[in-house]
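K.L.:
sequence first, then the predicted structure, then my questions.
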Amino acid sequence: MARDTANAQTIESREELVASLEAGCKPQETWRIGTEHEKLPFYRDGNSPVPYAGPNGIEAVLKGMESLLGWEPIYDGDHIIGLLDPTGGGAISLEPGGQFELSGAPLPNLHRTCRETHAHLAQVREVAEPLGIGFLGIGMSPKWTRAATPMMPKQRYDIMANYMPKVGGKGLDMMFRTTTIQVNLDFASESDMVRKMRVGLSLQPIATALFANSPFTEGKPNGFLSWRAEIWRDTDPDRTGLLPFAFEEGFGFERYVDWALDVPMYFVIRDGRYIDMTDITFRAYLERPGANGHANLEPTMGDWMNHLSTLFPEVRLKTFLEMRGADGGPTRRICALPAFWTGLLYDEEALSAAEELTADWSAAEREALRNHVPKTGLATPFRQETVLTVARRAVEIARTGLKNRAQMSSGGFSEAEYLAPLEETLALRRTPAEELLSQYRTRWGNSVEPLFSEYAF
C-alpha cells in the first residue's frame, strides 16, 4: 500500500486534480524505476502466521529494522507501521495481514534495483532470524485460513475490511492473504502516458501468466495458477480492472480524473484520525463539502492523493504508472518484473513493437485474457495460438528494449540478464505455479509445508 499523506492544501477546482497528474511528466533522462515487493512472514517453528504485537512479532521486526537502518518510523496512533528512508525515498510498510513490503527508491537502472532488493532481504533476515521469523516469496498465503491471519493495527484497514464485503466476495482475501511485485515507471508527456498505459493494460494478463505463483489455499491446490489474480476479479468492480475507457479516443489525464472522481472513497485523514467516507464518491465530496455528515471537512490534495492510492486497476496512474499484475515470488522474479516492464516501456523501439503487438486486440479479447489467465496461465488460448506465444514475443521485445538502453553493470552485464527467469519459464512452457504443483504432487507428498523452507527468502 502507498503511504498516506496529510497534505492540507484545499482543492479549488477539478483542473487542479488534472494538473496533479500532469505534474508527473518528466524528461527521459530523469526517468526512474521504483520496485515494490511484498513477502509473507511466518514463524519457522510450525510455519504459523506472525502477529503484530509481542517480543517476536511484526512490531519487533520493524523496530529492529529501524535500529539497523536508521530510517524514520511511521506511526498510526501509538503503533509503528512502517519506515521511511529520508534520503533515498524508499519505504517499508505493512499490508493488512502482515505482508512486509519494500517500496523501493526511484533508481536509474535495474542493476541498482536488484542490489536494493538483495540488500533489503539481507537486512530483513538479519533482524528476523533471531526472532524465529522467515519470509515466503509466493503470491498467496498457502496455508492459513483468513480467520487465522492477523490484522495489522492501521486505521485504513479497519475501514477497508468493513467496506470490502459490501462490494465483492474476495476483497478480504486480497487484503489479508495475497502478495505482489510491482514496478513504478515514469512518462514524458500525456501522449507518452497514454501509450504506456495502453500497452501496460493489454499485456498485464501476459505478466500475470509469466509470474503466476499462487496455486494453494489453506494447504491444498485451489484450481488456479494465480489465485491472487482471480481474487482481484471479485474484489471491487468500481476500482479494479482493465479500464476500457483508456482505449477510447481522447483518453488522457482528464478522463482518468473523471473516472477516479466517480469511485467511492475510503477515508480522509484529519489530525491523525481516519474518517470513514465510503458512502460517497470523491466527486460528491468535491461538489458538496461536508457530505457524509462531516460539515467541517474541506477537500484537500492529501485527500485526493490518498484516494488515488485506493484505486486498484491493473495499471494505476498517479504521477507515474504502476504495473500491478504479478504475483509475489522469489528474489530473481522480484528483479525480473521491473526488467520486463522497463524493457517494454522505456525504449522507443520496444514500445513501438509492443504497440504493434497489441494494437488490434479488442476490448473483448483483453477481457477474456484477464478472465482466463488466472486459471490456465500460459496455456490460455488467444486467437489461433496461446498466451505462451504472446509471452515469448513480449519478452523478446523487452530484451531488445533493455539492450537498447545499454545500461551495463560494473561487471559488464546488460539489464537484459534479469529476464532470465522469464525465459526459463517460457522454455519450460509452464508457470512457477505449475512447478509448485508438480513438487506438491511428487516429492512434497501433497503437503505445502516444504514451501516454507524451499521458497523462503
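P.N.:
Cool, the structure landed. Numbering: from 1, shown residues only.
K.L.:
distance check, the nearest residue in space to residue 88 that is not next to it in sequence against residue 186.
P.N.:
Spatial nearest neighbour of residue 88, excluding adjacent residues (CB to CB, 6 or more residues apart in numbering): residue 105 at 4.1 Å. Backbone N, C-alpha and C define where each C-beta goes, glycine included. Taking CB to CB, to the nearest Å as the measure, residue 105 falls 14 Å from residue 186.
K.L.:
so these two - more neighbours on which side?
P.N.:
residue 186 (23 against 18; other CB atoms under 10 Å).
K.L.:
how far away is that one from residue 338?
P.N.:
Distance, residue 186 to residue 338, by CB to CB: 13 Å.
K.L.:
tell me where the model's unsure across the stretch 1-150 of the chain.
P.N.:
1-3, 6 (pLDDT under 70).
K.L.:
quick check: residue 277 touching residue 270?
P.N.:
No - under the criterion of CB atoms under 8 Å, residue 277 is not in contact with residue 270, lying 11.1 Å apart.
K.L.:
so which other helices or strands are in contact with the longest strand along the chain?
P.N.:
Looking across the chain with DSSP state E, the single longest strand is strand 33-43. For strand 33-43, the elements it packs on are strand 48-49, strand 100-103, helix 110-128, strand 133-136, strand 180-185, helix 331-345, judged by 3 or more CB pairs under 8 Å, 6 or more residues apart in numbering; DSSP states H and E.
K.L.:
contacts for the fourth one, please.
P.N.:
To tie it back to what came earlier, the one meant is strand 133-136. 39-44, 50, 56, 61, 100, 121, 124, 128, 142, 451-452, 455-457 (CB atoms under 8 Å, 6 or more residues apart in numbering).
K.L.:
now the longest strand of the chain, how far from the chain's geometric center?
P.N.:
10 Å (CA atoms, centre = their mean, to the nearest Å).
K.L.:
could you number the chain from 43 rather than 1 from now on?
P.N.:
Will do, 43 is the new start, and the previous item becomes strand 75-85.
K.L.:
compute the inter-axis angle for it and helix 152-170.
P.N.:
20 degrees (axes from the mean of the first three to the mean of the last three CA atoms, to 10 degrees).
K.L.:
what angle do strand 75-85 and strand 222-227 make?
P.N.:
Using the same axes, to 10 degrees: strand 75-85 against strand 222-227 is 160 degrees.
K.L.:
CA atoms only: put strand 75-85 into CSV for me.
P.N.:
Once non-C-alpha atoms are left out, strand 75-85 reads as follows in CSV (Å, rounded to 0.1, in the frame of the first residue of the first chain):
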residue,chain,number,x,y,z
ILE,A,75,12.5,2.6,-11.8
GLY,A,76,10.7,2.0,-8.5
THR,A,77,10.1,-1.6,-7.5
GLU,A,78,7.7,-2.8,-4.8
HIS,A,79,7.5,-6.3,-3.4
GLU,A,80,5.7,-8.0,-0.6
LYS,A,81,6.5,-11.1,1.3
LEU,A,82,4.7,-13.3,3.9
PRO,A,83,6.2,-13.5,7.4
PHE,A,84,5.9,-16.8,9.2
TYR,A,85,7.3,-18.5,12.3
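K.L.:
residue 442: neighbour count?
P.N.:
For residue 442, using other CB under 10 Å, the count is 17.
K.L.:
repeat for residue 210
P.N.:
21.
K.L.:
identify the residues contacting the nearest residue to it once chain neighbours are set aside.
P.N.:
In this structure, residue 210 finds its nearest non-sequential neighbour in residue 277, 4.6 Å apart by CB to CB, 6+ apart. Residue 277 makes contact with 206, 209, 210, 212, 213, 216, 354, according to CB under 8 Å, 6+ apart.
K.L.:
for the third one, what are phi and psi?
P.N.:
Backbone torsions of residue 210, given as degrees, to the nearest 10, read phi -170, psi 160.
K.L.:
likewise the fourth one?
P.N.:
Main-chain dihedrals, residue 212, degrees, to the nearest 10: phi -130, psi 10.
K.L.:
same deal with the second one?
P.N.:
When read as degrees, to the nearest 10, the backbone of residue 209 gives phi -120, psi -10.
K.L.:
distance-wise, check it relative to residue 221.
P.N.:
Counting by CB to CB - residue 209 and residue 221 are separated by 22 Å.
K.L.:
then the fifth one?
P.N.:
Between residue 213 and residue 221 the distance, using CB to CB, works out to 16 Å.
K.L.:
for the nearest residue to residue 152 once chain neighbours are set aside, which residues are in contact?
P.N.:
Nearest residue to residue 152, sequence neighbours excluded (CB to CB, 6+ apart): residue 457, at 4.3 Å. By CB under 8 Å, 6+ apart, the contact list for residue 457 reads 151, 152, 153, 381, 384, 385, 444, 447, 449.
K.L.:
ok, the residue nearest to residue 210 to residue 482 distance?
P.N.:
26 Å.
K.L.:
swap in residue 106?
P.N.:
33 Å.
K.L.:
compare those two (neighbour count), which wins?
P.N.:
Between residue 106 and residue 482, residue 482 has the larger neighbour count (other CB under 10 Å), namely 21 against 17.
K.L.:
list the buried ones in the helix or strand where that one lies?
P.N.:
If you go by DSSP states H and E, residue 482 is part of helix 474-483. Within helix 474-483, the residues scored as buried using 16 or more other CB atoms under 10 Å are 474, 475, 476, 478, 479, 481, 482.
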